[in-house]
Each structure stands twice: as C-alpha cells, then as structure tokens.
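Asks: With the input below, show me the fold.
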Amino acid sequence: MQNQDLEELNIYNSVIDYIRNLDSKNSKDSIAIEYCGNCISRKNYWEYVNKYRNYFTSLGIKKGDAVTICMLNSPEYEFIFMSLLENGSIASTVSKSFLNADLCKQTIERKCNTLILSVEFLPELIKNNTFEQFGKKCPLEHIILTTSFDYMPDQYCPQLLNSIDNAKALIESVNQFKGVDIVYPSEVKKTVEQLSSVAIPKDNIMDCVATYSNTGGTTGAPKCAVHTHRAISSLIKSHERDRFKDFTLKEHSRSLLVIPISH
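Replies: Here you go, the predicted model:
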C-alpha cells in the first residue's frame, strides 16, 4: 500500500469508523443483512451497533479489555464484534474448530473477564468437560450466551425458547460458573432494543489492538494473530472497489456469508 493511502487512514478513529464512512455512501434504507428472511436495513444495522456499544459500556467493558467470542455466524455476531471494536475493546475470537482446546486457555491467557458464546456449542463443551480447564483460574465475571435463532423471523420462536431452557439446565451443571453473571439467549437482544442509540465519545484507537485471532492452524499448535485497527483498515482499503475495475458487487448485490465476521 502506498504512503498516501496510509495517510488517508489518519482521519479515522478506528476500523469501524472507516467502515461506517464507506457504508455512508449507500442508501440508509437499503438492506444490509438478510437472515433467514429477516431483512435489516443499513440504518437499523448501525443503530444496533450503537446500542450494543451502550450495552457493553454498561457492563463495564472498556477500552483495552479483551473479550472472548466464540459464536455461530448471525447478525448478532456482527453487532457484537463491531461494537466491541468501536468501543476500543479487543475481540479475542476462538474458532469452532479449536473450541475445546482453546476456549478456556485463551480466555485465561488473554485475561478476558467476559465470554460471549453461542448456546449451540454448550452440549459439546460440557460433554468434553472443557470448562473444567478453568479450574480455580476462571477469570470470568460475565458469560453472555447467544443463539442463532435471535434475529430470525417469528416462526423460529419455539426453537428460541427451547434453546433458552436447555441453556439454563446445562449452565446449572457447571460448577465453575458459581458467582458468574450469566446472560441467557435473547436477553441481550431484549435489553439492547430498549436502549437509546446515543452517541458515545470516540477515542483515536487506530494503532491499538482490535483483535486476537486464536487458532490451532494447520499444525494443530495454538497460535494467536494480533491485528490493530490500522492493519485491518489497510487490508480493507487495499481491496476497495476502485482498485479492481472488474469488481461486480454494487449496492443491492447479494453475497453469501458463511463464515464468522472474525475471519
């Protein structure tokens, strides 16, 4: 990337500030996400990001705090990921492929006091006694359970209710979580929807760490890639549409996203 391109990034406070600016060129009423038939406009997308920022601030999650995230791909993953980064927190992502090996290890090593986890992963984690790896070192103050059924149309409500009931039964069987604040599926969404989308002061965090990407890689040995806001912004900028004249995706184009946003 040329020096001029790097200097252009200096006007932004974070990678999310940069993405917001890029997205502002599109219509606010156009569809940002279609999820199992539920359409979320760009206007609503950014309102949700703002509200999730407020929610995490209310939990005391602040700039520089690392948060373990292991979630199925869903709109809520995006809102959580984007809001944490814009607040200056660090998204410490654990891949589903290395769930049992890395979840506790990375949470302890990154000193994460918040774990955000898809409830769909709980049965496997409990079956494999994964949470026992915490032992007496469990740093967690909050566990936020999410589900892929949130943000789906109303006909998925029965599955959502079942996942909540199952989550409560499973969590109660884990001794390591005594005294930990547990947020069950759909509780965050309900809370967030009641919050006002107020502006939060922005710090310049372009050169701060945005993500820890934890993975076993092809060797199976645990690895962690550390990315700053500037590094991610530079990667996005190097792939902007005007650099690829044959790039066919435009506003209203559709693309299939099958992997988590952290990738």
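
Asks: what is the mean pLDDT for stretch 56-72?
Replies: Stretch 56-72 carries an average pLDDT of 94.

Asks: now the end-to-end length of that stretch.
Replies: 20 Å (Cα to Cα, to the nearest Å).

Asks: Run the chain-centre distance for that stretch.
Replies: Taking Cα atoms, centre = their mean, to the nearest Å, one finds stretch 56-72 lying 9 Å from the centre of the chain it belongs to.

Asks: now what about that stretch, what contacts it?
Replies: Applying Cβ atoms under 8 Å, 6 or more residues apart in numbering, the external contacts of stretch 56-72 come out as 77, 80-81, 83-84, 87-96, 99, 103, 106-107, 110-118, 120-121, 142, 146, 148, 200, 203, 205, 208, 212, 260, 262. In this view, the C-beta of every residue, glycine as well, is placed from N, C-alpha and C.

Asks: now stretch 126-137
Replies: In contact with stretch 126-137 (Cβ under 8 Å, 6+ apart) are residues 99-100, 103-105, 107-108, 124-125, 140, 170, 173-174, 176-177.

Asks: run the last query once more with 7 Å
Replies: 100, 103-105, 108, 125, 170, 173-174, 176 (Cβ atoms under 7 Å, 6 or more residues apart in numbering).

Asks: Buried among the contacts of stretch 56-72? Need that as a selection in ChimeraX.
Replies: Selection command for ChimeraX covering only the buried members of these, criterion 16 or more other Cβ atoms under 10 Å:
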select :77,80,81,83,84,87,88,89,90,91,92,93,94,95,99,103,106,107,110,112,113,114,115,116,117,118,120,121,142,146,148,205,208,212,260,262
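
Asks: now stretch 142-156: mean pLDDT?
Replies: Rounded mean pLDDT across stretch 142-156 is 90.

Asks: Would you mark the buried spots in it?
Replies: In stretch 142-156, counting by 16+ other Cβ under 10 Å, buried: 142-152, 156.

Asks: measure it end to end?
Replies: 27 Å.

Asks: pLDDT below threshold where in the stretch 1-150 of the chain?
Replies: 1-6 (pLDDT under 70).

Asks: which stretches of it form helices?
Replies: 3-8, 15-23, 42-58, 75-86, 99-109, 122-127 (DSSP state H, counting those that start in this stretch).

Asks: between the ones you listed, which gets nearest to residue 227?
Replies: Ranking those by distance to residue 227, with Cβ to Cβ as the measure, places helix 15-23 first at 8.9 Å.

Asks: what residues does the closest one touch?
Replies: 9, 12, 42, 46, 82, 85-86, 202, 210, 229, 232-233, 236.

Asks: before we move on, what about stretch 255-263?
Replies: Against stretch 255-263 from outside (Cβ under 7 Å, 6+ apart): 69, 71, 73, 77-78, 81, 91, 93, 211, 213, 249.

Asks: which one among those gets closest to residue 162?
Replies: residue 71 (18.7 Å).

Asks: Would you quantify the distance from the closest one to residue 37?
Replies: 21 Å (Cβ to Cβ, to the nearest Å).

Asks: So between those two, which is more surrounded?
Replies: More crowded of residue 71 and residue 37, by other Cβ atoms under 10 Å: residue 71, with 27 against 9.
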